[in-house]
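Colleague: Can you look at this prediction? I've put the sequence above it.
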Amino acid sequence: MKRANPFVNKDLRRIQTFIYLIPVVGFFPALWTLYQRQGSREQRAVSRLAVTLATGWLFGYLLLGAGASAAQAGALPLLITSSLLTSGYFLVNLWLMVRLWQRKAIWLPGVSQVGDRLP
């Protein structure tokens with residue numbers, strides 16, 4: 001006798017999709033979903049978006065941090081920009097979670113288009 005898959009329930013899939021949108025931490029389950037090529041079409045789309053956002057934030061954060069440590073006179077504006085980038089990343093993820101809760105489309109212009117090019 002076959003056991004039913006517990007993640008077939010739409011509510012459980014939605015909760016799993018919320019996990020993908022948790023800033024920083026959600027990157028890993030989203031990447032795992034993409035690597036395993038599992039999940040529904042919506043879950044894979046949200047996973048691609050979460051991976052794209054996290055990767056963009058990480059590269060920006062590292063580049064701004066490296067620039068701030070290399071520049072002596074202009075370090076403060078780079079550090080402020082880095083903090084604004086991080087705050088924006090967290091707020092965008094929170095906003096996407098609210099949109100998911102409202103059962104609206106999860107799509108960001110530009111970012112989603114880049115993420116859709118991922119395999």
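Modeller: Here it is on my side, so go on. Remember, predicted model here, so these are calculated numbers, not experimental data.
Colleague: Other residues contacting stretch 55-69?
Modeller: Residues outside stretch 55-69 that contact it (C-beta atoms under 8 Å, 6 or more residues apart in numbering) are 27, 74-75, 78-79, 81-82, 85-86, 89, 111. To be clear about C-beta, it is placed using only N, CA and C from the backbone, and glycine gets the same treatment.
Colleague: Turn those residues into JSON lines, including pLDDT and distance to Met97.
Modeller: Below are these laid out as JSON lines (pLDDT from 0 to 100; distance: C-beta to C-beta, whole Å):
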{"residue": "Phe27", "pLDDT": "94", "distance to Met97": "15"}
{"residue": "Gly74", "pLDDT": "83", "distance to Met97": "35"}
{"residue": "Ala75", "pLDDT": "88", "distance to Met97": "33"}
{"residue": "Leu78", "pLDDT": "92", "distance to Met97": "29"}
{"residue": "Leu79", "pLDDT": "92", "distance to Met97": "27"}
{"residue": "Thr81", "pLDDT": "95", "distance to Met97": "25"}
{"residue": "Ser82", "pLDDT": "94", "distance to Met97": "23"}
{"residue": "Leu85", "pLDDT": "96", "distance to Met97": "19"}
{"residue": "Thr86", "pLDDT": "96", "distance to Met97": "17"}
{"residue": "Tyr89", "pLDDT": "95", "distance to Met97": "13"}
{"residue": "Val111", "pLDDT": "71", "distance to Met97": "15"}
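Colleague: and these, which two are the farthest apart?
Modeller: Phe27 and Gly74 (29.9 Å; C-beta to C-beta).
Colleague: Buried subset of the contacts of stretch 55-69 as a ChimeraX selection?
Modeller: The ChimeraX command for the buried members of these (criterion: 16 or more other C-beta atoms under 10 Å) is given here:
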select :27,78,82,85,86,89
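Colleague: can you put the contacts of stretch 55-69 in CSV and add secondary structure and distance to Leu64?
Modeller: Formatted as CSV, those follow (DSSP: H, G, I helix; E, B strand; the rest coil; distance: C-beta to C-beta, whole Å):
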residue, secondary structure, distance to Leu64
Phe27, helix, 19
Gly74, coil, 11
Ala75, helix, 10
Leu78, helix, 5
Leu79, helix, 7
Thr81, helix, 6
Ser82, helix, 4
Leu85, helix, 7
Thr86, helix, 9
Tyr89, helix, 12
Val111, helix, 18
